[in-house]
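S.K.: 3D model of this:
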Amino acid sequence: MVDLFICGLRIDWGAVPPRSYLHEIDSIKSFSELTLNSNVTFFVGENGSGKSTLLEAIAVAYGFNAEGGTINYKFSTYDDVSPLSEALTLVKGFKRSRLGFFFRAETFFNVATAGAVSYMGNDYHTSSHGEGFLAFMQGFDKAGLYIIDEPEAALSPQRQLTLLKHIYTSAKNGSQFIIATHSPILLGLPDSEILSFDGGRIAPCRYEDTQSYQVTRLFIERKDMILKELLDS
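M.R.: Numbers count the residues shown, from 1 in each chain. From the prediction side, this is the model:
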């Protein structure tokens, strides 16, 4: 059995307000229990499918700041926390994580400015956006829990390969990653679990069946045809 910090989660739907928007997200409302089976779990799905909503709820329920940061680090520029975190119970493993981070691409600059990543010893404002992202990710050099929303946002394909290697090595050394992504590169990570939020439910998905892989492959193999149909319509 894989030794994980978070082995699964349960939702108490009685604790979710009746008029909450959560009842309108098909993938979220379709389940009350979910099991995690790998040191690296990817959430995939179309925009608005609920993957980032669940990712944030897991992070907040574990003790991370909703906008990102280390465990129990408190920082806020807006109040937009999903009520899902209050209805969520995490099923934790035997080991406990003393290290970890909740990474959100859209708030990374604010969190870095506030000092939530200063413990890693880098000034992320002196490098490019992508370089800062990657330097931050490579700071995961000790076993911990890392919850990450769209890490590919500022990374070139080559840098995504660098990140893939780092995640793979870190997972082998005991770290756990839960990642929402659209990157067909990151999704190719060996021994990872992919959970799709499409089709109104959360279900395991093969790499080759993800939309990220299928659309990218189709565009590469039939670029001229796709562009003609898209631009001539």
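S.K.: what residue is smack in the middle of the chain?
M.R.: The centroid of the chain falls nearest to Ile179 when counting by C-alpha atoms, centre = their mean (2.5 Å).
S.K.: how about that residue, what does it touch?
M.R.: Contacts of Ile179 were listed using C-beta atoms under 8 Å, 6 or more residues apart in numbering, and they are 40-43, 147-149, 151, 167, 186. Using the backbone N, CA and C atoms, a C-beta is placed for each residue, glycine as well.
S.K.: equivalent analysis for Leu22, please.
M.R.: 16, 28-29, 53, 82-84.
S.K.: tell me the one of those nearest Lys172?
M.R.: Within the contacts of Leu22, the smallest distance to Lys172 is 29.7 Å, found for Thr53 (C-beta to C-beta).
S.K.: helices and strands around the longest helix anywhere in the chain, which ones?
M.R.: Selection of the longest helix in the chain by residue count, based on DSSP state H, yields helix 157-172. Where contact means 3 or more C-beta pairs under 8 Å, 6 or more residues apart in numbering; DSSP states H and E, helix 157-172 is packed against strand 40-44, helix 129-137, strand 176-180.
S.K.: these: lowest mean pLDDT?
M.R.: Mean pLDDT values for these show the minimum at helix 129-137, a mean of 71.
S.K.: immediately after that helix, which helix or strand?
M.R.: Remark: after helix 129-137, the chain's next helix or strand is strand 145-149, criterion DSSP states H and E.
S.K.: that following strand to helix 129-137, inter-axis angle?
M.R.: Using axes from the mean of the first three to the mean of the last three C-alpha atoms, to 10 degrees, the interaxial angle of strand 145-149 with respect to helix 129-137 works out to 160 degrees.
S.K.: for strand 145-149, which strands pair with it and how are they oriented?
M.R.: Partners of strand 145-149 in the sheet, by DSSP bridges, are strand 100-104 (parallel), strand 176-180 (parallel).
S.K.: any chance of CSV for the ones you listed, columns distance to Gln211?
M.R.: CSV is the format used below for the strands paired with strand 145-149 (distance: least, C-beta to C-beta, whole Å):
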stretch, distance to Gln211
strand 100-104, 22
strand 176-180, 14
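S.K.: nice, that's everything, thank you.
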